[in-house]
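A.B. asks: Requesting a structural model of the entry that follows:
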Amino acid sequence: MKKFYAHSIEGKSVDEWHLLEEHLKGTAKLAKSFADEFGSGEWGYLAGVWHDLGKLFCLYKLTG
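C.D. replies: Numbering: from 1, shown residues only. Alright, predicted model coming up:
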């Protein structure tokens, strides 16, 4: 399976880059915890997952 990255760090090896899947899950959990404060944790989780999906679709189109 092809790997996609949320963040690459100049001068660092690919092993140290932030995988997109990990980034999306981590952001979703954090957004959920904020949204839980006003009873919208599930929506917060979805917003966290969706926030960078456009990057994934663009990368997939470019790399096939």
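A.B. asks: so where's the chain shaky on pLDDT?
C.D. replies: 56-64 (pLDDT under 70).
A.B. asks: and if we set it to 90?
C.D. replies: Where the chain drops to pLDDT under 90, the residues are 1-21, 50-64.
A.B. asks: Strands along that one, start to end?
C.D. replies: 5-7, 18-19 (DSSP state E).
A.B. asks: Please identify the most buried of those.
C.D. replies: Of the strands of the chain, the one with the most neighbours on average (mean count of other Cβ atoms under 10 Å) is strand 5-7, at a mean of 15. Bear in mind the C-beta positions are built from the backbone N, C-alpha and C, glycine included.
A.B. asks: returning to what we had before: to residue 48, which of the strands of the chain lies closest?
C.D. replies: Nearest to residue 48 among those is strand 5-7 (12.1 Å), distances taken as Cβ to Cβ.
A.B. asks: most centrally placed residue in this structure?
C.D. replies: For the chain, residue 24 is the residue whose C-alpha lies nearest the centre (Cα atoms, centre = their mean; 2.4 Å).
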